[in-house]
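J.: Build the 3D model from these lines:
(one chain, ligands or ions: 1)
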Amino acid sequence: MSYQSINPNDGNVLKSFEHISNAQLDDALAAAQACFQSWKQMSYADRAVILNRAAALMHAHVDDFARLETLEMGKRIGEARGEVKFSADILAYYAEHAEAFLAPTTLHPAAGEAHMESSPLGVLFCVEPWNFPYYQLARVAGPQLMAGNVLVVKHAGCVPQCAIAFEKLLLDAGAPVGAYTNLVISYEQSDRVIDDPRVKGVALTGSLGAGRSVAARAGQNLKKSTMELGGSDAFIVLEDADMDQVIPWAVWGRMYNCGQTCCAAKRFIVLEEVADAFLAEFTSALEALQPGDPMLETTTHGPLSTEAALLQLLAQVDAAVKGGAKLLLGGKRIDRPGWFMQPTILTDIQPGNPAFRDEFFGPVVSFYRVKTEDEAIALANDSDFGLAGSVWTRDEARGKRVASRVDTGMMFVNNINWTDADLPFGGIKHSGYGRELGNMGIQEFVNKKLVRTGHFPAPV
Ligand code: NAP
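T.: As a prediction, the model looks like this:
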(Lines give C-alpha, C1' and ligand atoms only; values in the text may rest on other atoms or scores of the structure.)
Protein backbone atom coordinates (compact mmCIF):
# COMPACT_ATOMS: atom_id res chain seq x y z
CA MET A 1 0.00 0.00 0.00
CA SER A 2 1.24 3.50 -0.75
CA TYR A 3 0.66 6.87 0.92
CA GLN A 4 -2.00 8.86 -0.87
CA SER A 5 -2.76 12.53 -0.82
CA ILE A 6 -6.46 12.95 -1.63
CA ASN A 7 -8.41 16.22 -1.53
CA PRO A 8 -11.23 15.65 1.02
CA ASN A 9 -13.25 18.43 -0.59
CA ASP A 10 -13.79 16.52 -3.84
CA GLY A 11 -12.11 13.11 -3.56
CA ASN A 12 -9.49 13.83 -6.24
CA VAL A 13 -6.19 11.99 -5.87
CA LEU A 14 -3.41 14.60 -5.71
CA LYS A 15 -0.29 12.44 -5.37
CA SER A 16 0.81 8.94 -4.36
CA PHE A 17 4.05 7.83 -2.76
CA GLU A 18 5.45 4.30 -2.57
CA HIS A 19 6.97 2.91 0.62
CA ILE A 20 10.74 3.10 0.63
CA SER A 21 12.70 -0.16 0.45
CA ASN A 22 14.29 -1.76 3.49
CA ALA A 23 17.70 -0.83 2.09
CA GLN A 24 16.64 2.83 1.89
CA LEU A 25 15.27 2.58 5.41
CA ASP A 26 18.59 1.23 6.62
CA ASP A 27 20.40 4.12 4.91
CA ALA A 28 18.09 6.60 6.60
CA LEU A 29 18.79 5.09 10.03
CA ALA A 30 22.53 5.10 9.34
CA ALA A 31 22.36 8.78 8.35
CA ALA A 32 20.39 9.61 11.48
CA GLN A 33 22.87 7.75 13.68
CA ALA A 34 25.82 9.50 12.01
CA CYS A 35 24.14 12.87 12.37
CA PHE A 36 23.50 12.28 16.08
CA GLN A 37 27.24 12.06 16.75
CA SER A 38 27.75 15.66 15.68
CA TRP A 39 24.30 17.08 16.52
CA LYS A 40 24.61 16.13 20.19
CA GLN A 41 27.95 17.99 20.37
CA MET A 42 26.52 21.24 19.06
CA SER A 43 25.79 23.99 21.55
CA TYR A 44 22.21 24.85 22.39
CA ALA A 45 22.82 28.24 20.80
CA ASP A 46 23.85 26.68 17.48
CA ARG A 47 20.89 24.32 17.44
CA ALA A 48 18.63 27.25 18.33
CA VAL A 49 19.81 29.17 15.26
CA ILE A 50 18.47 26.37 13.06
CA LEU A 51 15.18 26.00 14.94
CA ASN A 52 14.61 29.76 14.95
CA ARG A 53 15.31 29.90 11.22
CA ALA A 54 12.75 27.13 10.68
CA ALA A 55 10.22 29.08 12.77
CA ALA A 56 10.88 32.23 10.75
CA LEU A 57 10.51 30.34 7.47
CA MET A 58 7.18 28.93 8.61
CA HIS A 59 5.95 32.40 9.55
CA ALA A 60 7.14 33.76 6.21
CA HIS A 61 5.26 31.06 4.29
CA VAL A 62 2.14 30.59 6.39
CA ASP A 63 -0.14 30.55 3.38
CA ASP A 64 1.86 27.93 1.46
CA PHE A 65 1.95 25.57 4.41
CA ALA A 66 -1.70 26.21 5.24
CA ARG A 67 -2.99 25.71 1.71
CA LEU A 68 -1.19 22.38 1.42
CA GLU A 69 -2.77 21.21 4.64
CA THR A 70 -6.25 22.33 3.57
CA LEU A 71 -5.78 20.60 0.25
CA GLU A 72 -4.55 17.38 1.80
CA MET A 73 -6.64 16.86 4.93
CA GLY A 74 -9.48 19.37 4.56
CA LYS A 75 -8.79 21.66 7.50
CA ARG A 76 -10.52 25.00 7.00
CA ILE A 77 -7.99 27.52 5.76
CA GLY A 78 -8.24 29.90 8.73
CA GLU A 79 -7.67 27.04 11.15
CA ALA A 80 -4.78 25.81 9.01
CA ARG A 81 -3.07 29.21 9.14
CA GLY A 82 -3.45 29.21 12.92
CA GLU A 83 -1.87 25.78 13.14
CA VAL A 84 1.10 26.80 10.99
CA LYS A 85 1.80 29.88 13.10
CA PHE A 86 1.49 27.93 16.32
CA SER A 87 3.82 25.21 15.02
CA ALA A 88 6.43 27.86 14.27
CA ASP A 89 5.98 29.28 17.76
CA ILE A 90 6.63 25.87 19.31
CA LEU A 91 9.95 25.58 17.46
CA ALA A 92 10.94 29.08 18.62
CA TYR A 93 9.81 28.36 22.17
CA TYR A 94 12.17 25.42 22.53
CA ALA A 95 14.98 27.31 20.78
CA GLU A 96 14.66 29.85 23.58
CA HIS A 97 14.08 27.63 26.61
CA ALA A 98 15.73 24.24 26.01
CA GLU A 99 19.06 25.10 27.61
CA ALA A 100 17.43 26.29 30.82
CA PHE A 101 15.07 23.30 30.94
CA LEU A 102 17.97 20.87 30.61
CA ALA A 103 20.49 22.71 32.77
CA PRO A 104 22.12 20.59 35.52
CA THR A 105 20.27 20.71 38.82
CA THR A 106 22.00 20.56 42.18
CA LEU A 107 20.91 17.97 44.73
CA HIS A 108 21.58 18.20 48.46
CA PRO A 109 22.61 14.76 49.75
CA ALA A 110 23.41 14.29 53.43
CA ALA A 111 27.06 13.80 52.50
CA GLY A 112 29.15 15.10 49.61
CA GLU A 113 27.79 16.88 46.57
CA ALA A 114 25.54 15.71 43.76
CA HIS A 115 23.85 16.97 40.67
CA MET A 116 21.63 15.69 37.88
CA GLU A 117 22.58 16.30 34.28
CA SER A 118 20.67 15.66 31.07
CA SER A 119 21.99 14.19 27.85
CA PRO A 120 20.18 13.18 24.65
CA LEU A 121 19.35 9.51 24.03
CA GLY A 122 19.99 9.34 20.25
CA VAL A 123 17.73 8.49 17.32
CA LEU A 124 14.04 8.73 18.20
CA PHE A 125 11.22 7.23 16.15
CA CYS A 126 8.04 9.33 16.00
CA VAL A 127 4.70 8.11 14.61
CA GLU A 128 2.29 10.96 14.01
CA PRO A 129 -1.36 11.51 12.99
CA TRP A 130 -2.85 13.59 10.18
CA ASN A 131 -5.24 15.76 12.18
CA PHE A 132 -2.59 18.42 12.90
CA PRO A 133 -0.08 17.72 10.15
CA TYR A 134 2.47 20.34 11.30
CA TYR A 135 1.66 20.92 14.96
CA GLN A 136 2.16 17.23 15.76
CA LEU A 137 5.58 17.32 14.10
CA ALA A 138 6.56 20.56 15.84
CA ARG A 139 5.57 19.03 19.19
CA VAL A 140 8.29 16.43 18.80
CA ALA A 141 10.82 18.24 16.60
CA GLY A 142 11.05 21.41 18.72
CA PRO A 143 11.92 19.82 22.05
CA GLN A 144 13.75 16.74 20.84
CA LEU A 145 16.03 18.43 18.33
CA MET A 146 16.89 21.10 20.89
CA ALA A 147 17.63 18.36 23.44
CA GLY A 148 20.22 16.97 21.01
CA ASN A 149 18.24 13.96 19.79
CA VAL A 150 17.62 13.30 16.10
CA LEU A 151 14.33 12.10 14.64
CA VAL A 152 13.06 9.60 12.11
CA VAL A 153 9.35 10.18 11.57
CA LYS A 154 6.50 8.16 10.16
CA HIS A 155 3.69 10.58 9.40
CA ALA A 156 0.16 9.46 8.55
CA GLY A 157 -0.43 7.95 5.13
CA CYS A 158 -2.93 10.64 4.08
CA VAL A 159 -0.68 13.70 4.60
CA PRO A 160 2.54 12.79 2.76
CA GLN A 161 2.94 16.24 1.21
CA CYS A 162 2.75 18.02 4.58
CA ALA A 163 5.27 15.49 5.91
CA ILE A 164 7.69 16.28 3.09
CA ALA A 165 7.15 20.04 3.50
CA PHE A 166 8.12 19.86 7.17
CA GLU A 167 11.27 17.83 6.47
CA LYS A 168 12.23 20.33 3.74
CA LEU A 169 11.59 23.21 6.15
CA LEU A 170 14.21 21.90 8.56
CA LEU A 171 16.72 21.21 5.79
CA ASP A 172 16.14 24.71 4.39
CA ALA A 173 16.72 26.09 7.87
CA GLY A 174 20.15 24.45 7.93
CA ALA A 175 19.53 21.20 9.81
CA PRO A 176 22.10 18.59 8.73
CA VAL A 177 20.89 15.53 6.80
CA GLY A 178 19.82 12.95 9.37
CA ALA A 179 18.62 15.40 12.02
CA TYR A 180 15.02 15.03 10.88
CA THR A 181 14.07 12.33 8.38
CA ASN A 182 10.60 11.72 6.98
CA LEU A 183 9.95 8.01 6.36
CA VAL A 184 7.29 6.69 3.98
CA ILE A 185 7.04 3.21 5.48
CA SER A 186 4.63 0.36 6.21
CA TYR A 187 3.65 -0.91 9.66
CA GLU A 188 6.08 -3.83 9.22
CA GLN A 189 8.86 -1.39 8.49
CA SER A 190 7.78 0.64 11.50
CA ASP A 191 8.36 -2.48 13.60
CA ARG A 192 11.82 -2.83 12.03
CA VAL A 193 12.62 0.72 13.07
CA ILE A 194 11.50 0.08 16.64
CA ASP A 195 13.59 -3.10 16.78
CA ASP A 196 16.68 -1.38 15.39
CA PRO A 197 19.33 -0.95 18.10
CA ARG A 198 20.20 2.53 16.80
CA VAL A 199 16.73 3.73 17.77
CA LYS A 200 16.56 4.69 21.46
CA GLY A 201 13.01 5.92 22.00
CA VAL A 202 9.55 5.93 20.46
CA ALA A 203 6.88 8.65 20.55
CA LEU A 204 3.43 8.02 19.07
CA THR A 205 0.37 10.19 18.72
CA GLY A 206 -2.62 8.37 17.33
CA SER A 207 -5.39 5.93 18.07
CA LEU A 208 -5.61 3.35 20.82
CA GLY A 209 -4.96 0.51 18.35
CA ALA A 210 -1.79 2.11 17.01
CA GLY A 211 -0.69 2.88 20.55
CA ARG A 212 -1.14 -0.70 21.71
CA SER A 213 0.84 -2.06 18.78
CA VAL A 214 3.72 0.44 18.84
CA ALA A 215 3.98 0.59 22.65
CA ALA A 216 4.07 -3.22 22.82
CA ARG A 217 6.88 -3.34 20.29
CA ALA A 218 8.82 -0.64 22.12
CA GLY A 219 8.24 -2.51 25.38
CA GLN A 220 9.60 -5.75 23.93
CA ASN A 221 12.73 -3.82 23.07
CA LEU A 222 12.81 -2.12 26.48
CA LYS A 223 12.70 1.27 24.83
CA LYS A 224 11.19 4.30 26.46
CA SER A 225 7.95 5.42 24.79
CA THR A 226 5.37 8.17 25.09
CA MET A 227 1.81 7.64 23.92
CA GLU A 228 -0.59 10.47 23.06
CA LEU A 229 -3.79 8.62 22.23
CA GLY A 230 -7.50 9.28 21.87
CA GLY A 231 -9.98 10.92 24.17
CA SER A 232 -13.66 11.28 24.93
CA ASP A 233 -13.55 14.52 26.83
CA ALA A 234 -16.41 15.64 29.03
CA PHE A 235 -17.81 19.16 28.71
CA ILE A 236 -19.54 19.63 32.06
CA VAL A 237 -22.10 22.43 32.22
CA LEU A 238 -23.13 23.28 35.79
CA GLU A 239 -26.45 24.99 36.46
CA ASP A 240 -24.80 28.37 37.14
CA ALA A 241 -22.83 28.47 33.86
CA ASP A 242 -22.91 31.58 31.69
CA MET A 243 -24.69 30.30 28.56
CA ASP A 244 -23.49 33.22 26.44
CA GLN A 245 -19.97 31.98 27.04
CA VAL A 246 -20.76 28.25 27.01
CA ILE A 247 -22.51 27.93 23.65
CA PRO A 248 -19.75 29.40 21.42
CA TRP A 249 -17.17 27.27 23.25
CA ALA A 250 -19.37 24.18 22.90
CA VAL A 251 -19.54 24.76 19.15
CA TRP A 252 -15.80 25.41 18.89
CA GLY A 253 -14.95 22.57 21.27
CA ARG A 254 -16.82 20.02 19.19
CA MET A 255 -16.52 21.44 15.67
CA TYR A 256 -12.99 22.87 15.47
CA ASN A 257 -11.04 20.84 12.89
CA CYS A 258 -14.39 19.24 11.98
CA GLY A 259 -14.37 17.48 15.33
CA GLN A 260 -11.14 15.64 14.59
CA THR A 261 -9.21 16.66 17.67
CA CYS A 262 -8.06 14.26 20.37
CA CYS A 263 -9.13 16.64 23.16
CA ALA A 264 -12.27 17.94 21.46
CA ALA A 265 -15.34 18.18 23.68
CA LYS A 266 -17.12 14.91 22.91
CA ARG A 267 -19.46 14.15 25.81
CA PHE A 268 -21.65 17.08 26.82
CA ILE A 269 -22.82 16.50 30.40
CA VAL A 270 -25.34 19.12 31.47
CA LEU A 271 -27.14 19.72 34.77
CA GLU A 272 -30.88 19.28 34.26
CA GLU A 273 -31.79 22.85 35.31
CA VAL A 274 -30.12 24.18 32.16
CA ALA A 275 -30.18 21.09 29.92
CA ASP A 276 -33.14 22.11 27.73
CA ALA A 277 -31.86 25.64 27.20
CA PHE A 278 -28.36 24.37 26.42
CA LEU A 279 -29.61 21.76 23.97
CA ALA A 280 -31.89 24.19 22.13
CA GLU A 281 -29.17 26.82 21.69
CA PHE A 282 -26.45 24.29 20.85
CA THR A 283 -28.69 22.63 18.24
CA SER A 284 -29.48 25.88 16.46
CA ALA A 285 -25.81 26.92 16.52
CA LEU A 286 -24.81 23.63 14.87
CA GLU A 287 -27.66 23.90 12.33
CA ALA A 288 -26.31 27.31 11.29
CA LEU A 289 -22.93 25.92 10.16
CA GLN A 290 -22.36 26.10 6.39
CA PRO A 291 -20.60 23.18 4.71
CA GLY A 292 -18.33 24.14 1.86
CA ASP A 293 -14.87 24.21 0.34
CA PRO A 294 -12.42 24.47 3.28
CA MET A 295 -10.23 26.71 1.12
CA LEU A 296 -12.92 29.45 1.31
CA GLU A 297 -12.86 31.80 4.30
CA THR A 298 -16.67 31.79 4.41
CA THR A 299 -16.98 28.04 5.00
CA THR A 300 -17.88 27.19 8.58
CA HIS A 301 -18.08 23.39 8.25
CA GLY A 302 -15.38 21.48 6.37
CA PRO A 303 -14.98 17.84 5.31
CA LEU A 304 -13.56 14.95 7.26
CA SER A 305 -10.03 13.90 6.39
CA THR A 306 -10.73 10.69 4.49
CA GLU A 307 -13.66 8.70 3.18
CA ALA A 308 -12.75 5.88 5.58
CA ALA A 309 -13.09 8.31 8.51
CA LEU A 310 -16.50 9.42 7.22
CA LEU A 311 -17.77 5.86 6.75
CA GLN A 312 -16.55 4.87 10.21
CA LEU A 313 -18.35 7.78 11.85
CA LEU A 314 -21.59 7.06 9.97
CA ALA A 315 -21.37 3.43 11.09
CA GLN A 316 -20.76 4.52 14.68
CA VAL A 317 -23.84 6.75 14.60
CA ASP A 318 -25.95 3.91 13.14
CA ALA A 319 -24.71 1.54 15.85
CA ALA A 320 -25.53 4.12 18.52
CA VAL A 321 -29.10 4.48 17.22
CA LYS A 322 -29.52 0.70 16.97
CA GLY A 323 -28.31 0.57 20.56
CA GLY A 324 -31.15 2.87 21.69
CA ALA A 325 -29.71 6.38 21.32
CA LYS A 326 -31.89 9.11 19.81
CA LEU A 327 -30.71 11.13 16.84
CA LEU A 328 -31.62 14.73 17.57
CA LEU A 329 -29.73 16.26 14.65
CA GLY A 330 -27.90 15.16 11.49
CA GLY A 331 -26.39 11.70 11.32
CA LYS A 332 -26.03 11.57 7.53
CA ARG A 333 -23.47 12.16 4.84
CA ILE A 334 -23.95 15.57 3.20
CA ASP A 335 -25.16 15.27 -0.39
CA ARG A 336 -22.20 16.80 -2.20
CA PRO A 337 -18.77 15.61 -3.35
CA GLY A 338 -16.11 15.03 -0.72
CA TRP A 339 -16.15 13.59 2.77
CA PHE A 340 -18.75 15.80 4.49
CA MET A 341 -20.90 14.75 7.44
CA GLN A 342 -23.80 16.64 8.97
CA PRO A 343 -23.26 18.06 12.44
CA THR A 344 -24.89 15.40 14.61
CA ILE A 345 -26.36 15.18 18.10
CA LEU A 346 -27.06 11.92 19.91
CA THR A 347 -29.06 11.82 23.14
CA ASP A 348 -30.31 9.07 25.46
CA ILE A 349 -27.08 7.10 25.29
CA GLN A 350 -27.21 4.39 27.93
CA PRO A 351 -24.30 2.38 29.35
CA GLY A 352 -23.97 -0.68 27.10
CA ASN A 353 -24.49 1.36 23.96
CA PRO A 354 -21.16 1.35 22.06
CA ALA A 355 -21.48 5.16 21.85
CA PHE A 356 -21.19 5.33 25.65
CA ARG A 357 -17.52 4.28 25.54
CA ASP A 358 -16.23 4.92 22.01
CA GLU A 359 -14.50 8.01 20.70
CA PHE A 360 -16.37 9.91 17.95
CA PHE A 361 -13.63 11.50 15.84
CA GLY A 362 -15.78 13.98 13.94
CA PRO A 363 -18.78 16.32 14.25
CA VAL A 364 -20.86 14.12 16.58
CA VAL A 365 -22.13 15.34 19.94
CA SER A 366 -23.00 12.90 22.72
CA PHE A 367 -25.44 14.65 25.04
CA TYR A 368 -26.13 13.58 28.63
CA ARG A 369 -28.52 15.12 31.16
CA VAL A 370 -27.66 14.68 34.86
CA LYS A 371 -29.25 15.67 38.16
CA THR A 372 -26.27 16.63 40.29
CA GLU A 373 -22.67 17.77 40.16
CA ASP A 374 -21.59 14.43 41.65
CA GLU A 375 -23.46 12.58 38.93
CA ALA A 376 -21.74 14.73 36.29
CA ILE A 377 -18.31 13.90 37.71
CA ALA A 378 -19.11 10.18 37.98
CA LEU A 379 -20.27 10.13 34.35
CA ALA A 380 -17.19 12.07 33.20
CA ASN A 381 -15.01 9.50 34.96
CA ASP A 382 -16.93 6.53 33.55
CA SER A 383 -14.68 6.45 30.50
CA ASP A 384 -11.75 4.35 29.38
CA PHE A 385 -10.10 7.54 28.19
CA GLY A 386 -8.55 10.23 30.36
CA LEU A 387 -7.20 12.95 28.13
CA ALA A 388 -8.88 16.25 29.09
CA GLY A 389 -12.20 17.88 29.91
CA SER A 390 -13.83 21.17 30.80
CA VAL A 391 -16.16 22.58 33.47
CA TRP A 392 -18.44 25.57 33.01
CA THR A 393 -19.64 27.60 36.01
CA ARG A 394 -19.76 31.20 37.19
CA ASP A 395 -18.09 30.03 40.43
CA GLU A 396 -14.42 29.51 39.55
CA ALA A 397 -13.57 27.90 42.91
CA ARG A 398 -16.31 25.35 42.32
CA GLY A 399 -15.01 24.80 38.80
CA LYS A 400 -11.55 24.04 40.16
CA ARG A 401 -12.98 21.62 42.73
CA VAL A 402 -14.84 19.74 39.99
CA ALA A 403 -11.74 19.81 37.75
CA SER A 404 -9.70 18.18 40.53
CA ARG A 405 -12.15 15.28 40.74
CA VAL A 406 -12.14 14.39 37.03
CA ASP A 407 -9.60 11.69 36.14
CA THR A 408 -7.79 13.15 33.14
CA GLY A 409 -4.40 14.58 32.27
CA MET A 410 -5.79 18.06 31.61
CA MET A 411 -8.83 20.05 32.77
CA PHE A 412 -10.05 23.49 31.73
CA VAL A 413 -12.36 25.76 33.70
CA ASN A 414 -14.54 28.10 31.60
CA ASN A 415 -12.40 27.64 28.50
CA ILE A 416 -10.92 24.95 26.29
CA ASN A 417 -7.63 26.67 25.59
CA TRP A 418 -6.14 23.24 25.29
CA THR A 419 -2.63 23.83 24.10
CA ASP A 420 0.19 26.31 24.44
CA ALA A 421 3.90 25.75 23.90
CA ASP A 422 4.62 26.24 27.60
CA LEU A 423 1.91 23.92 28.99
CA PRO A 424 2.31 20.13 29.21
CA PHE A 425 -0.10 18.08 27.10
CA GLY A 426 -1.10 14.46 27.65
CA GLY A 427 -3.45 12.00 29.24
CA ILE A 428 -3.94 8.97 31.46
CA LYS A 429 -5.79 5.64 31.11
CA HIS A 430 -6.33 4.73 27.44
CA SER A 431 -5.37 8.26 26.44
CA GLY A 432 -1.77 7.21 26.95
CA TYR A 433 1.21 8.26 29.02
CA GLY A 434 3.97 10.83 28.96
CA ARG A 435 3.69 14.51 28.13
CA GLU A 436 4.53 16.72 25.20
CA LEU A 437 5.18 20.48 25.27
CA GLY A 438 6.32 22.66 28.16
CA ASN A 439 9.29 21.73 30.30
CA MET A 440 7.90 18.20 30.81
CA GLY A 441 7.91 17.47 27.08
CA ILE A 442 11.62 18.00 26.66
CA GLN A 443 12.44 15.76 29.64
CA GLU A 444 10.90 12.62 28.13
CA PHE A 445 13.84 11.45 26.01
CA VAL A 446 16.94 12.56 27.88
CA ASN A 447 19.15 10.55 30.17
CA LYS A 448 18.84 11.99 33.66
CA LYS A 449 22.22 11.19 35.09
CA LEU A 450 23.20 11.44 38.74
CA VAL A 451 26.76 12.57 39.41
CA ARG A 452 27.87 12.41 43.03
CA THR A 453 31.23 13.72 44.25
CA GLY A 454 32.97 13.52 47.64
CA HIS A 455 35.67 11.58 49.42
CA PHE A 456 34.00 8.85 51.41
CA PRO A 457 35.85 6.01 53.11
CA ALA A 458 34.97 2.66 51.52
CA PRO A 459 32.54 0.63 53.64
CA VAL A 460 34.26 -2.28 55.41
P1 NAP B 1 -4.02 6.20 13.74
O2 NAP B 1 -4.77 5.45 12.72
O3 NAP B 1 -3.62 5.54 14.95
O4 NAP B 1 -2.77 6.85 12.99
C5 NAP B 1 -1.81 7.59 13.68
C6 NAP B 1 -0.44 7.23 13.13
O7 NAP B 1 -0.13 5.90 13.54
C8 NAP B 1 -0.37 7.23 11.61
O9 NAP B 1 0.90 7.66 11.22
C10 NAP B 1 -0.58 5.76 11.28
O11 NAP B 1 -0.07 5.39 10.03
C12 NAP B 1 0.22 5.13 12.39
N13 NAP B 1 -0.10 3.74 12.71
C14 NAP B 1 -1.31 3.18 12.93
N15 NAP B 1 -1.17 1.88 13.26
C16 NAP B 1 0.17 1.61 13.25
C17 NAP B 1 0.94 0.45 13.48
N18 NAP B 1 0.38 -0.70 13.84
N19 NAP B 1 2.28 0.55 13.37
C20 NAP B 1 2.87 1.71 13.03
N21 NAP B 1 2.17 2.85 12.78
C22 NAP B 1 0.84 2.80 12.89
O23 NAP B 1 -4.82 7.46 14.23
P24 NAP B 1 -5.71 8.40 13.38
O25 NAP B 1 -7.03 7.80 13.24
O26 NAP B 1 -4.98 8.78 12.15
O27 NAP B 1 -5.73 9.67 14.36
C28 NAP B 1 -6.74 9.87 15.21
C29 NAP B 1 -6.46 9.35 16.59
O30 NAP B 1 -5.32 10.01 17.14
C31 NAP B 1 -7.60 9.67 17.50
O32 NAP B 1 -7.85 8.60 18.37
C33 NAP B 1 -7.11 10.88 18.25
O34 NAP B 1 -7.78 11.10 19.46
C35 NAP B 1 -5.65 10.58 18.41
N36 NAP B 1 -4.86 11.79 18.66
C37 NAP B 1 -4.32 11.97 19.89
C38 NAP B 1 -3.62 13.13 20.17
C39 NAP B 1 -3.01 13.35 21.51
O40 NAP B 1 -2.14 14.21 21.63
N41 NAP B 1 -3.40 12.63 22.54
C42 NAP B 1 -3.46 14.09 19.18
C43 NAP B 1 -4.02 13.87 17.94
C44 NAP B 1 -4.72 12.70 17.68
P45 NAP B 1 -1.04 5.30 8.73
O46 NAP B 1 -1.62 6.66 8.53
O47 NAP B 1 -0.10 4.92 7.65
O48 NAP B 1 -2.07 4.27 9.02
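J.: Pull the residues that contact stretch 38-48.
T.: 95-96, 98-99, 102, 119-120, 145-146, 148-150, 176, 178-179 (CB atoms under 8 Å, 6 or more residues apart in numbering). Quick note: C-beta positions are derived from backbone N, CA and C, even for glycine.
J.: From the residues you listed, list the buried ones, please.
T.: 95, 98, 102, 120, 145-146, 148-150, 176, 178-179 (16 or more other CB atoms under 10 Å).
J.: Spatially nearest residue to residue 355 (excluding sequence neighbours)?
T.: residue 320 (3.6 Å; CB to CB, 6 or more residues apart in numbering).
J.: So that neighbour sits against residue 354, correct?
T.: Yes - if you go by CB atoms under 8 Å, residue 320 and residue 354 touch, sitting 6.6 Å apart.
J.: who's more crowded, the two?
T.: A side-by-side neighbour count of residue 320 and residue 354, using other CB atoms under 10 Å, places residue 320 first with 25 against 13.
J.: before we move on, the earlier item: which two in the contacts of stretch 38-48 are spaced the farthest apart?
T.: Within those, 96 and 178 form the most distant pair, 24.4 Å apart (CB to CB).
J.: re the thing from before, my hunch is that the residue nearest to residue 355 is in a helix, does that hold up?
T.: Yes - assessed by DSSP: H, G, I helix; E, B strand; the rest coil, residue 320 belongs to a helix.
J.: tell me which parts of this protein are close to the ligand?
T.: 127-131, 154-157, 187, 190, 205-207, 210, 213-214, 228-231, 262, 359, 361, 387, 427 (CB under 6 Å from any ligand atom).
J.: Out of those, list just those in helices.
T.: 187, 190, 210, 213-214 (DSSP state H).
J.: Give the buried residues for stretch 379-398.
T.: Quick answer for stretch 379-398 (16+ other CB under 10 Å): 379-380, 383, 385-393.
J.: Kindly report the domain assignment for the chain.
T.: 3-229+431-451, 233-413 (automatic domain parsing).
J.: can you put these in CSV and add mean pLDDT?
T.: Shown next, in CSV, are the domains of the chain (pLDDT from 0 to 100):
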stretch, mean pLDDT
domain 3-229+431-451, 98
domain 233-413, 98
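J.: quick one: which of those domains is nearest residue 458?
T.: domain 3-229+431-451 (13.8 Å).
J.: Near the residue nearest to residue 305 when sequence neighbours are not counted, how many other residues are there?
T.: Setting aside the residues directly before and after it, residue 305 is nearest to residue 73 in space (CB to CB, 6+ apart), at 4.6 Å. Neighbours of residue 73 under the rule other CB under 10 Å: 32.
J.: Go ahead and confirm residue 73 touches residue 7.
T.: No - look at residue 73 against residue 7 with CB under 8 Å: they stay out of range, at 9.4 Å.
J.: So for those two, which residues contact both of them?
T.: Joint contacts of residue 73 and residue 7 (CB under 8 Å, 6+ apart) do not exist.
J.: ok, now which ones touch residue 187?
T.: Residue 187 sits next to residue 213 when contact means CB under 8 Å, 6+ apart.
J.: Now do it against residue 154, distance only.
T.: 9 Å (CB to CB, to the nearest Å).
J.: Quickly list what residue 428 is bridged to.
T.: Counting by DSSP bridges, residue 428 is bridged to residue 386.
J.: who are the neighbours in contact with it?
T.: So residue 428 contacts 386, 407-409 (CB under 8 Å, 6+ apart).
J.: Would you format the residues you listed as a markdown table with secondary structure included?
T.: Below are the contacts of residue 428 laid out as a markdown table (three-state DSSP):
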| residue | secondary structure |
| --- | --- |
| 386 | strand |
| 407 | coil |
| 408 | coil |
| 409 | coil |
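J.: now, which of those residues sits nearest the ligand?
T.: residue 409 (8.7 Å; CB to the nearest ligand atom).
J.: my guess is residue 74 meets residue 299, correct?
T.: No - using CB under 8 Å, residue 74 is not in contact with residue 299; the gap is 10.3 Å.
J.: who's more crowded, these two?
T.: Comparing residue 74 with residue 299 by other CB under 10 Å, the one with more neighbours is residue 74, at 29 against 18.
J.: The more buried one - nearest residue in space that isn't next to it in sequence?
T.: Counting by CB to CB, 6+ apart, the residue nearest residue 74 is residue 8, at 3.4 Å.
J.: what do you get for residue 62?
T.: residue 84 (4.9 Å).
J.: Secondary structure class of that neighbour, three-state.
T.: From three-state DSSP, the assignment for residue 84 is helix.
J.: How many neighbouring residues does it have?
T.: 25.
J.: ok, now how distant is it from residue 90?
T.: Distance, residue 84 to residue 90, by CB to CB: 11 Å.
J.: Ok, residue 369 next?
T.: 39 Å.
J.: Looking at these two, which is more packed in?
T.: Under the criterion of other CB under 10 Å, the comparison of residue 369 against residue 90 puts residue 90 first, with 28 against 18.
J.: close enough to count as contact, residue 289 and residue 256?
T.: No - if you go by CB under 8 Å, residue 289 and residue 256 don't touch, sitting 11.6 Å apart.
J.: Could I get the full set of helices for the stretch 201-350 of the chain?
T.: Here the stretch 201-350 of the chain has its helices, by DSSP state H, counting those that start in this stretch, at 208-220, 243-255, 272-287, 307-322.
J.: buried sites along the helix or strand where residue 26 lies?
T.: Assigned by DSSP states H and E, residue 26 belongs to helix 22-39. Residues 25, 28-29, 31-33, 35-36, 39 are the ones in helix 22-39 that count as buried (16+ other CB under 10 Å).
J.: Determine how far it lies from the middle of the whole chain.
T.: Remark: helix 22-39 is offset 27 Å from the chain centroid, using CA atoms, centre = their mean, to the nearest Å.
J.: Give me the packing partners of the helix or strand hosting residue 200, helices and strands only.
T.: Using DSSP H and E, residue 200 maps to strand 199-205. Strand 199-205 is packed against strand 123-127, helix 135-147, helix 208-220, strand 224-228, with contacts defined by 3 or more CB pairs under 8 Å, 6 or more residues apart in numbering; DSSP states H and E.
J.: Swap in 10 Å and give it another go.
T.: helix 22-39, strand 123-127, helix 135-147, strand 150-154, helix 187-195, helix 208-220, strand 224-228 (3 or more CB pairs under 10 Å, 6 or more residues apart in numbering; DSSP states H and E).
J.: continuing past the longest one, what's the next helix or strand?
T.: Right, the one you point to is helix 22-39. Downstream of helix 22-39, the next assigned helix or strand under DSSP H and E is helix 44-60.
J.: for that next one, which positions count as buried?
T.: Buried, per 16+ other CB under 10 Å, within helix 44-60: 44, 47-48, 50-55, 57-58.
J.: Helix 135-147 and the next helix or strand after it, what's the angle between them?
T.: Using DSSP H and E, the helix or strand that follows helix 44-60 in sequence is helix 62-73. Interaxial angle of helix 62-73 relative to helix 135-147 (axes from the mean of the first three to the mean of the last three CA atoms, to 10 degrees): 120 degrees.
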